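**Student:** the sequence isn't on hand, but the structure is:
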Ligand SMILES: [Zn+2]
C-alpha cells in the first residue's frame, strides 16, 4: 500500500516523515505553526454545551407498601 506523501501543514510542501521537523518541512514552518497557535489562528470556537439534560426523577405516587405481616 502506497502511503500518501505527507505535506507540511503550513506551506503544503511535501515533507519527509523521517525529518526532525516533521510534520513540518522545516524549522521555519514549525515556528510558524507555533505562532499560529499563539495568535489564536487555530482557536476553535467553543460552543456552549447543550447537554444540559434535566434529570427528572419520576415520582411513584404512593410510598412503598410493605406487606409483611407476621
Ligand atoms: Zn513548510
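**Tutor:** That came in fine, so what should we check first? Since we're looking at a predicted model, the values are computed, not measured.
**Student:** residues touching residue 14, list them.
**Tutor:** Listed by Cβ atoms under 8 Å, 6 or more residues apart in numbering, the contact set of residue 14 reads 5-8, 25. No exception for glycine: its C-beta is placed from N, CA and C like everyone else's.
**Student:** please apply the same query to residue 70.
**Tutor:** Under the contact definition (Cβ under 8 Å, 6+ apart), no residues are listed for residue 70.
**Student:** so what's residue 28 scoring on pLDDT?
**Tutor:** Among the per-residue scores, residue 28 holds a pLDDT of 95.
**Student:** before we move on, what about the one 5 residues further on?
**Tutor:** At residue 33, the pLDDT value in this model is 91.
**Student:** where does it sit: helix, strand or coil?
**Tutor:** helix (DSSP: H, G, I helix; E, B strand; the rest coil).
**Student:** quick check, it in contact with residue 24.
**Tutor:** Yes - using Cβ atoms under 8 Å, residue 33 makes contact with residue 24 at a distance of 6.3 Å.
**Student:** which one's more surrounded, those two?
**Tutor:** A side-by-side neighbour count of residue 33 and residue 24, using other Cβ atoms under 10 Å, places residue 24 first with 23 against 17.
**Student:** tell me the SS of the residue lying closest to the more buried one once chain neighbours are set aside?
**Tutor:** Of all residues not flanking residue 24 in the chain, residue 30 sits nearest, at 4.3 Å (Cβ to Cβ, 6 or more residues apart in numbering). Following three-state DSSP, residue 30 is assigned to helix.
**Student:** distance of the closest residue to residue 33 other than its chain neighbours relative to residue 57?
**Tutor:** Nearest in space to residue 33, with sequence neighbours left out and distances taken as Cβ to Cβ, 6+ apart, is residue 10 at 5.7 Å. Applying Cβ to Cβ, to the nearest Å, the value for residue 10 to residue 57 is 53 Å.
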